[in-house]
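> pasting the structure only:
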C-alpha cells in the first residue's frame, strides 16, 4: 500500500522540475506555462501573465494531442508543458499523469506559483 507522499515522490523522481527562473527561461524558448489552480486560488494569489489556464480536472483532455477536447497548442507529444499549482504538489502529480499519456516533456515548477512570485517573476492581480 502506498501513501500520497509515496505517490508524490515517485512522480517527482521522473520529472525534471525547473526552479521558477529556469521555467521562465524555458518559456522564452517555447515551453508553454499552464496554471492548473482553481479560480478561487488564482483570484486570491494572483495570476501568471501569458500562461494558459487549465484547471486540474480538465488537464489531460486538453493537452492530449489524441483527445477530441484538446486545445490548439496540443499539437504533438513533444510539446514542453510546465505546470503550476500553488506550491508544486498537485502539479507534480498532474505532470506525471501527462507523462503517462506520452507527453514526455511535461513537468512542473519547483515551488509552484508562490515560488515564482517570491522570485520576483511577473504576476498579475487575481
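Alright, I've got the coordinates. Note that this is a predicted model, so its numbers are computed, not measured.
> any idea which residue sits dead centre in this structure?
residue 83 (0.7 Å; C-alpha atoms, centre = their mean).
> for the helix or strand encompassing that one, name the packing helices and strands.
Assigned by DSSP states H and E, residue 83 falls within strand 81-84. Strand 81-84 makes packing contacts with helix 20-28, strand 32-35, helix 90-100, strand 107-108, helix 112-118 when contacts are defined by 3 or more C-beta pairs under 8 Å, 6 or more residues apart in numbering; DSSP states H and E. C-beta here means a position set from N, CA and C on the backbone, and glycine is covered the same way.
> deepest in the core, which of those is it.
When you average the neighbours per residue for each of the helices and strands packed on strand 81-84 (mean count of other C-beta atoms under 10 Å), strand 107-108 leads with a mean of 28.
> show me the contact partners of it.
With contacts defined as C-beta atoms under 8 Å, 6 or more residues apart in numbering, strand 107-108 is touched by 15-18, 80-85, 88, 91-92, 94-95.
> now, which of the residues you listed sits nearest residue 125?
residue 84 (16.5 Å; C-beta to C-beta).
> rewinding a little: among the helices and strands packed on strand 81-84, which comes closest to residue 44?
helix 112-118 (10.6 Å).
> what's the spacing between that closest one and its chain's center?
13 Å (C-alpha atoms, centre = their mean, to the nearest Å).
> what's next to it, contact-wise?
Residues from elsewhere that reach helix 112-118, judged by C-beta under 8 Å, 6+ apart: 19-20, 23-24, 35, 37, 45-46, 48, 84-89, 91, 109, 111, 123.
> among the residues you listed, name the buried ones.
Neighbour-count burial (16 or more other C-beta atoms under 10 Å) applied to these gives 20, 23-24, 35, 37, 45-46, 48, 84-86, 88, 91, 109, 111.
> picking up where we left off before, tell me the strands beside the strand holding residue 83, with direction?
Strand pairing for strand 81-84, using DSSP bridges, gives strand 32-35 (parallel), strand 107-108 (parallel).
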